[in-house]
Structure formats: C-alpha cells, structure tokens
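[1] Got a sequence here, can you model it:
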Amino acid sequence: MKNLSFSTWLTIVMLAFFIVMVGLSMEFPAKARFMPLIVGLPAIALCLVQLGIDLMPTSKSAFHGAPQAGLAQQAGLEPELPEFGPHTVSQEILMWVYFVAFVAGILTFGFYVSVPVLLLTFLRREAEASWRFAFSLAAVATLVLYLMFGALLQIQLHPGFVTPWLVQTIGIGAA
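    Residues are numbered from 1 along each chain as shown. The predicted structure is shown next:
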C-alpha cells in the first residue's frame, strides 16, 4: 500500500463519517432523514472523487525532477514545502475561526442571516473580492438557500435564538 498523505486519510475519515450518517438516517422518519441525505449523499460523492484523484497513479517519469533541456537551471530555488506544517498553522487557525463563527452565527442568528454575513466577510477579507461581487454572491446564495429549502422543499431552517426575539421586539413579524 502506498504511503497515504494526511489529506487522503482525512478524506477516508470523512467518507466513513458521511456513510455512517446516511446509514443511520435510513432509520429516521421520511422528513427527518431528508436533511442528512441532502448533506450526506453529495458529500459521499465528493469524497469518492477526491479519493480517486488522490489514489490515481500519476504519470511521473524517471526524469520528473530533472531540469528541462535547453533551460538554464535556476540556482537558489527553495524546496517545495510539505502539505502541512508550521507554515500552514495561521491559515488553519483562520479557517477554524471562520467555521466556529459560522456555527455560532447560525445558532445565534439563523441561516438566513449568517450565510450572507459570513460569505460577504470571507469574500472581502480572504478572496479580496470587490464589494459589488461579494454583495451579489451573498444575495444570490441567500436567495438560492431560501428558494431551495424554504420554498421548494418547505424545510424550516434554524431561525437562530436571537433573530425571532429581535423580530418580535422590533415588531416586524406578524402577530
């Protein structure tokens, strides 16, 4: 068995998790199993695709690392950094902060508030997208989220713990 990278092992663990999640959801009533299936089945497919990419033999020749003929070899090139290590810690921490903020946002303010706010924040800060593009994408993502789950599938997404109280306090919602 070839030496598997951390990413490949992580994909295998995620695949096992999603397979168990989908398997357990088969015991639920129809409405209750719908959400785990919506999340789990595409995740299983994506994990399988990633495993296929990771495990597919590469077409490296014996001369893969040799400089190309006719080109002067560049001196002083730094060796390629490993996939994970001290150089990726700050990026990993930042991604965890985004993830925890997203979960906290969903619990506190619900999906329809958290999705556009997090998407707008991430696109502006990390992807350095323009305000126009970030607002447009956040609005479209929220619209798709509402149309798919709220209108088409009629699944009520978590409204958050603060949002219903705030809407009632302000007097926006129906009595």
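[2] secondary structure element for residue 27?
    Residue 27 belongs to no helix or strand when assigned by DSSP states H and E.
[3] Contacts only, for it.
    residue 33 (CB atoms under 8 Å, 6 or more residues apart in numbering). Any C-beta I mention is one placed from the backbone N, CA and C, and that applies to glycine too.
[4] Run through the residues that contact residue 158.
    Contacts of residue 158 by CB under 8 Å, 6+ apart are 106-107, 110-111.
[5] now for those, which pair is the farthest apart?
    Largest separation among these by CB to CB: 107 and 111, giving 10.3 Å.
[6] what's the residue closest to the geometric middle of this protein?
    In the chain, the residue lying closest to the centroid (CA atoms, centre = their mean) is residue 99, at 8.9 Å.
[7] now that one: how far from residue 25?
    23 Å (CB to CB, to the nearest Å).
[8] again with residue 145
    21 Å.
[9] for stretch 53-61, what is the average pLDDT?
    Averaged over stretch 53-61, pLDDT sits at 72.
[10] Helix, strand or coil: sort out the residue nearest to the centre of the chain for me.
    helix (DSSP: H, G, I helix; E, B strand; the rest coil).
[11] so what's it scoring on pLDDT?
    For residue 99, the pLDDT comes out at 91.
[12] which residues sit in contact with it?
    Under the criterion of CB under 8 Å, 6+ apart, residue 99 has no neighbours.
[13] Going forward, the N-terminal residue is numbered 838.
    Yep, numbering from 838; the last one is residue 936 now.
[14] Could you give the number of residues near residue 931?
    Counted with other CB atoms under 10 Å, residues neighbouring residue 931 total 12.
[15] separation between it and residue 943?
    The gap separating residue 931 from residue 943 is 19 Å, by CB to CB.
[16] secondary structure class for residue 915?
    Residue 915 is classified as coil under three-state DSSP.
[17] what about the residue nearest to residue 885 when sequence neighbours are not counted, which helix or strand?
    Counting by CB to CB, 6 or more residues apart in numbering, residue 885 lies nearest to residue 852, which is 7.0 Å off, once chain neighbours are set aside. With secondary structure defined by DSSP H and E, residue 852 is part of helix 843-862.
[18] And the worst-scoring helix or strand of the chain on mean pLDDT, what's buried?
    Taking mean pLDDT, DSSP states H and E as the measure, the chain has helix 867-892 as its least confident helix or strand, at a mean of 87. Within helix 867-892, the residues that count as buried by 16 or more other CB atoms under 10 Å are 870, 873, 877, 880-881, 884, 887.
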